[in-house]
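Visitor: Predicted model and sequence follow; I will ask about them next.
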Amino acid sequence: MKRINLLIVIMLILFPVQKFHAISNIEQVIQHQLGNNSISVSLRTIDTGEILYEKNGNVPMKPASTLKLLTAAAALDILGSNYRFHTKLYIDGEVVVDELKGDVYIKGEGDPTLQKQNFETFAAALKFYGIRKISGNIYGDDFAFSGDQLTPGIVSSDESYYYAARTSAITMSPDNDYDAGTLIIEAIPTKIGQAPDIRAIPNLSGMMIQNNARTVSPNDKTTIEIKRQYQTNTIIVSGNLPVGDPFKDWVTLQDPTINTLHAIKQTFEEEGITFSPNANIERKKIPKNAILLYAKHSTALKNLIKPFLKLSNNSIADILVKTMGKEVYGKGQTDYGVKALKIYGQSMGLTMDQWFLEDGSGISHNNRLTANELSQLLIKVQDEPNFETFYTSLPIGGQEDRIEGGSLRKRFLLAPYKDRIIAKTGHISGVYTLAGYVNTKSGRTLAFAILTNNQPSNKIDEIDEVLKKIVTQY
């Protein structure tokens with residue numbers, strides 16, 4: 001009995017000592033890697049939520065894309081895991097022989113999965129009803145969303161880039177990453193001294209190419225740049241493209257609704273449906289007597305959360321925020337969606353007066369939250385019915401498959417760190433963040449948030465060193 005009591009006493013003494021050593025080691029590596037200024041760190045146990053370690057844990061910081069953790073959890077709760085976006089094809093007019101004496105309408109809800117193959121299906125639906133000619137116009141009803149198409153905080157110099165795409169209820173994606181509101185522009189080298197060939201995916205969509213680029217020797221450096229001219233439909237391709245080195249980049253649409261309607265019209269024409277030379281492309285509400293011909297349904301939200309979180313998709317974030325605003329308040333605007341995010345956070349027991357939000361993607365430099373609140377979100381979300389979808393949609397450190405590893409696929413590649421970090425990355429100018437779950441060598445799972453702001457240089461490696469120490473010390 002005395003021996004058992006002695007063992008208990010020793011264990012009680014050793015446990016605080018071990019805990020102290022772990023905290024001391026974490027403090028040392030944070031001090032060495034990140035310093036004291038403009039950082040906020042929080043580490044919790046996942047079973048009780050107890051804070052094991054914090055540094056400036058209650059100091060408001062810019063979260064960058066770690067804010068998407070709240071957006072994903074809120075969308076799964078508010079909209080439901082089986083929520084789908086719908087895009088509908090209507091006609092208004094009379095069909096005489098093979099001609100629609102009237103107009104075509106597209107009504108959207110912000111479906112980020114709308115692609116060219118869906119436009120081909122719309123064309124097939126028209127032909128199924130005998131329509132080969134359209135005498136009227138093509139209209140887009142995008143009034144499910146309102147307010148500014150640009151998310152707050154996007155600066156003019158970023159507006160051409162895919163991560164700053166405009167958000168509309170009628171939009172399209174060029175591929176299965178679902179970067180809605182963008183085109184892919186490919187430049188293919190030709191002969192030295194000549195302009196490269198340019199291809200747009202899905203098509204030019206009412207935009208124009210200004211090709212100032214030149215094909216150069218294979219030994220020359222690639223300097224090609226593809227950008228949309230500010231506030232215009234002109235895409236400028238400039239610089240040098242070596243032979244044998246094709247290049248592609250994403251550019252944003254000037255107006256997703258109008259550009260998508262152009263893409264639909266062009267696809268209809270490719271499929272053998274003709275329009276009057278005077279056909280217009282405009283916004284307009286669907287008339288009450290319009291006839292529904294076809295409805296396209298997106299994949300379920302639970303399937304969209306994976307590319308959203310794994311690939312840190314800002315377009316999906318903006319669409320989800322506006323959709324939550326529409327569903328909760330009847331207003332498909334960013335500010336109403338942000339209100340829905342805050343209400344959801346309150347329902348989870350988060351202290352939302354410590355969250356200042358302008359968007360749901362994290363792109364705004366005006367967003368603020370604390371590391372302790374973010375790690376608390378990671379604790380609370382475990383009780384949500386859709387937690388498995390949330391968790392399995394996070395990037396996995398060291399998983400080199402693009403869709404599994406996501407934004408962590410090139411980090412934590414080696415043992416014993418590979419597959420132990422399941423977390424959301426974040427980066428905007430001067431801001432490097434990471435938040436999620438870490439599975440330690442001892443078998444524990446911890447929730448963490450590391451936020452660094454005002455950084456003059458890349459802090460990804462330093463953040464990773466902190467996580468590696470947590471893996472081995474806890």
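Guide: Alright, I've got the coordinates. Residues are numbered from 1 along each chain as shown.

Visitor: So what's the residue count around Gly272?
Guide: Neighbours of Gly272 under the rule other C-beta atoms under 10 Å: 10. (Each C-beta comes from the backbone N, C-alpha and C, glycine too.)

Visitor: any idea which strand is longest in this protein?
Guide: Taking DSSP state E as the criterion, the chain has its longest strand at strand 86-96.

Visitor: centre of the chain versus it, how much separation?
Guide: 32 Å (C-alpha atoms, centre = their mean, to the nearest Å).

Visitor: who does it touch, helix- and strand-wise?
Guide: The helices and strands touching strand 86-96, judged by 3 or more C-beta pairs under 8 Å, 6 or more residues apart in numbering; DSSP states H and E, are strand 99-107, helix 116-128, strand 291-297.

Visitor: ok, and what's touching the helix or strand following the shortest one?
Guide: Just to be clear, that refers to strand 291-297. Scanning forward in sequence from strand 291-297 by DSSP states H and E, the next helix or strand is helix 301-310. Applying C-beta atoms under 8 Å, 6 or more residues apart in numbering, the contact partners of helix 301-310 are 68-69, 72, 75-76, 79-84, 112-113, 176-178, 298, 313, 316-317, 320, 386, 389-390, 392-395, 403-407, 424.

Visitor: repeat for stretch 32-50
Guide: Applying C-beta under 8 Å, 6+ apart, the contact partners of stretch 32-50 are 26, 30, 51-57, 59, 61, 370-372, 374-376, 378-379, 382, 437, 444-455, 459, 462-463, 465-466, 470.

Visitor: for the longest strand of the chain, which positions count as buried?
Guide: Across strand 86-96, burial judged by 16 or more other C-beta atoms under 10 Å covers 87-93, 95.

Visitor: what pairs with it, and is each one parallel or antiparallel?
Guide: Strand 86-96 has its sheet partners listed here by DSSP bridges as strand 99-107 (antiparallel), strand 291-297 (antiparallel).

Visitor: so can I have JSON lines of those strands showing distance to Ile201 and mean neighbour count?
Guide: Below are the strands paired with strand 86-96 laid out as JSON lines (distance: least, C-beta to C-beta, whole Å; neighbours: other C-beta atoms under 10 Å):
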{"stretch": "strand 99-107", "distance to Ile201": "20", "mean neighbour count": "21"}
{"stretch": "strand 291-297", "distance to Ile201": "19", "mean neighbour count": "15"}
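
Visitor: Export those strands to CSV and append columns for mean pLDDT.
Guide: Formatted as CSV, the strands paired with strand 86-96 follow (pLDDT from 0 to 100):
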stretch, mean pLDDT
strand 99-107, 99
strand 291-297, 99
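
Visitor: would you list those in CSV and tack on distance to Ala415?
Guide: Shown next, in CSV, are the strands paired with strand 86-96 (distance: least, C-beta to C-beta, whole Å):
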stretch, distance to Ala415
strand 99-107, 52
strand 291-297, 43
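
Visitor: Which one, of the helices and strands packed on strand 86-96, ends up nearest to Ser160?
Guide: Nearest to Ser160 among the helices and strands packed on strand 86-96 is helix 116-128 (21.7 Å), distances taken as C-beta to C-beta.

Visitor: Looking at the buried residues of strand 86-96, spot the one nearest Gln231.
Guide: Closest to Gln231 out of those is Thr87 (26.6 Å), distances taken as C-beta to C-beta.

Visitor: how close does that closest one sit to Val321?
Guide: To Val321, Thr87 is 19 Å away according to C-beta to C-beta, to the nearest Å.

Visitor: got it, and Leu467?
Guide: Leu467 sits 29 Å away from Val321, going by C-beta to C-beta.

Visitor: neighbour count winner among these two?
Guide: Val321 (29 against 21).

Visitor: List the buried residues of the helix or strand harbouring Ile403.
Guide: Per DSSP H and E: Ile403 is located in helix 402-405. Within helix 402-405, the residues that count as buried by 16+ other C-beta under 10 Å are 404-405.

Visitor: Would you show me how to pick out the buried ones of the contacts of helix 301-310 in ChimeraX?
Guide: Here is the ChimeraX command that selects the buried residues among those (16+ other C-beta under 10 Å):
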select :68,69,72,75,76,79,81,83,84,112,113,177,178,298,313,316,317,320,386,389,390,393,394,395,404,405,406,407,424
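
Visitor: In helices, which of the contacts of helix 301-310 fall?
Guide: 68-69, 72, 75-76, 316-317, 320, 389-390, 392, 403-405 (DSSP state H).

Visitor: tell me the phi and psi of the closest residue in space to Gly426 that isn't next to it in sequence?
Guide: In space, not counting the residues next to it along the chain, Gly426 is nearest to Ala64; the distance is 3.1 Å by C-beta to C-beta, 6 or more residues apart in numbering. With angles defined as degrees, to the nearest 10, Ala64 sits at phi 50, psi -140.

Visitor: try Tyr432
Guide: Dihedral angles (degrees, to the nearest 10) for Tyr432: phi -130, psi 120.

Visitor: Return the residues in contact with it.
Guide: 64, 426, 452, 455, 458-460, 463.

Visitor: Which one of those residues sits in the busiest neighbourhood?
Guide: Ala64 (29 neighbours).

Visitor: how close does that residue sit to Lys459?
Guide: 11 Å.

Visitor: So the nearest residue to Gly206 once chain neighbours are set aside, which state does it fall into?
Guide: Residue nearest to Gly206 in three dimensions, not counting chain neighbours: His262, with 3.2 Å by C-beta to C-beta, 6+ apart. Following DSSP: H, G, I helix; E, B strand; the rest coil, the label given to His262 is helix.
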